[in-house]
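# when you get a sec, could you give me coordinates for this:
(one chain, ligands or ions: 2)
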Amino acid sequence: MAIKIKREQQIKKMRLAGEITGRTLNLLKDKIVPGITTFELDKIAESYIMECGALPSFKGYSGYPASICTSINDEVVHGIPSKDRVLKEGDIISIDVGAYIDSFHGDAARTFAVGTVSPEKQRLIAVTEESFFAGIKYAAAGNNLCEISSAIQDTVERNGFSVIRDYVGHGIGRNLHEDPAIPNYRNGRRGPVLKPGMVLAVEPMTAIGTHRVRVLSDGWTAVTKDGLPSAHYENTVLITEGEPELLTLLI
Ligand code: MF3
Ligand code: CO
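Ligands and ions are numbered 1, 2, ... in the order given. Okay, the predicted model is just below:
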């Protein structure tokens, strides 16, 4: 499928979807304390998204059972919120949120520390975020997609961490997942040339140890094979004639 170029009217709707997504993450950030369950976080996010007049993008997507993904420590992505999963001091939790309104989606993720975490976990969170910003320096019309991927990979690996390969970023719009696939590593292809009006969910997923993952028997939760921690950072990014616009990052 060709990469969709969004028109101004569609971009306006994506800004709204992005804003609701970003606000939901901001709201959740303050709720990350030892003792809260991932189920409670899911309910907080779902209520807020619905109050905004939007729908949670993930609920029902390929049968996904919740409104957000909550992936703790060695869990990479797609962790399912549960009443049995209680956050504890020293955990790191990646929260992935999507909001759907006026027929368009927003998609974003952050990794948060629960209380005080080890210096290594702290560094993983910081490097993952840094790799996103290194990547989107190349999110400019006329560049090839691989320039984003390469900058992400170089930032992560220069810091001694690894890039997850089994999951990638994606185009986003009327559908949560659109073309192009956006690897966070060099895959030997230049990828498409970026054009104004393309909207990309750029989402580095990283690990302290191996990049290899396996999916738990719930059919969703991806964990690192060596059990070492993983982090995730994602925003929905609009390509413009100039600087990229981060639709899910609120200032
Ligand atoms: N940001 C994730 C992704 O793009 C969230 C999807 S969760 C799902 O894959 F449940 F919707 F699959
Ligand atoms: Co995504």
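# wasn't Arg186 part of a helix?
No - secondary structure of Arg186 (DSSP: H, G, I helix; E, B strand; the rest coil): coil, not part of a helix.
# test my guess that it contacts Asp154.
No - assessed by CB atoms under 8 Å, Arg186 is found out of contact with Asp154, at 9.1 Å. Just so you know, the C-beta spots here come from the backbone N, C-alpha and C atoms, and that holds for glycine as well.
# check whether the helix or strand harbouring Leu27 contacts ligand 2.
Using DSSP states H and E, Leu27 maps to helix 8-29. No - counting by CB under 5 Å from the ion, ligand 2 is not contacted by helix 8-29; separation bottoms out at 10.4 Å.
# what mean pLDDT does that helix get?
For helix 8-29, mean pLDDT is 98.
# just stretch 119-129 next, same as before
In the prediction, stretch 119-129 has an average pLDDT of 98.
# so whatever residue of the stretch 101-250 of the chain ends up closest to ligand 1 bridges to which residues?
Across the stretch 101-250 of the chain, no residue is closer to ligand 1 than Asp107, which sits at 4.9 Å (CB to the nearest ligand atom). When assigned by DSSP bridges, Asp107 has beta-bridge partners Gly98.
# ok, it - how many residues close by?
29 (other CB atoms under 10 Å).
# I'd guessed it sits against Gly98; true?
Yes - taking contacts as CB under 8 Å, Asp107 lies within contact range of Gly98: 4.6 Å.
# could you count how many residues lie near Gly197?
Counted with other CB under 10 Å, Gly197 comes out at 18.
# looks to me like it is in a helix.
No - when three-state DSSP is applied, Gly197 is found to be coil, with no helix at that position.
# circling back to that earlier point, just the pLDDT for the residue of the stretch 101-250 of the chain closest to ligand 1.
So, for Asp107, pLDDT stands at 99.
# close to ligand 2: what parts of the chain are there?
Counting by CB under 5 Å from the ion, the residues of the chain near ligand 2 are 107, 201.
# hmm, back to that, which residues touch the residue of the stretch 101-250 of the chain closest to ligand 1?
21, 57, 96-98, 172, 176, 201, 203, 234, 236, 248 (CB atoms under 8 Å, 6 or more residues apart in numbering).
# how about those residues in CSV, adding secondary structure and distance to Ile182?
Formatted as CSV, the contacts of Asp107 follow (DSSP: H, G, I helix; E, B strand; the rest coil; distance: CB to CB, whole Å):
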residue, secondary structure, distance to Ile182
Thr21, helix, 17
Ser57, coil, 17
Asp96, strand, 15
Val97, strand, 18
Gly98, strand, 16
Ile172, coil, 10
Leu176, coil, 14
Ala201, strand, 7
Glu203, coil, 8
Glu234, strand, 10
Thr236, strand, 12
Thr248, coil, 15
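# before we move on, the earlier item: find residues that contact each of Asp107 and Gly98.
Common contacts of Asp107 and Gly98, defined by CB under 8 Å, 6+ apart, comprise 21, 57, 176.
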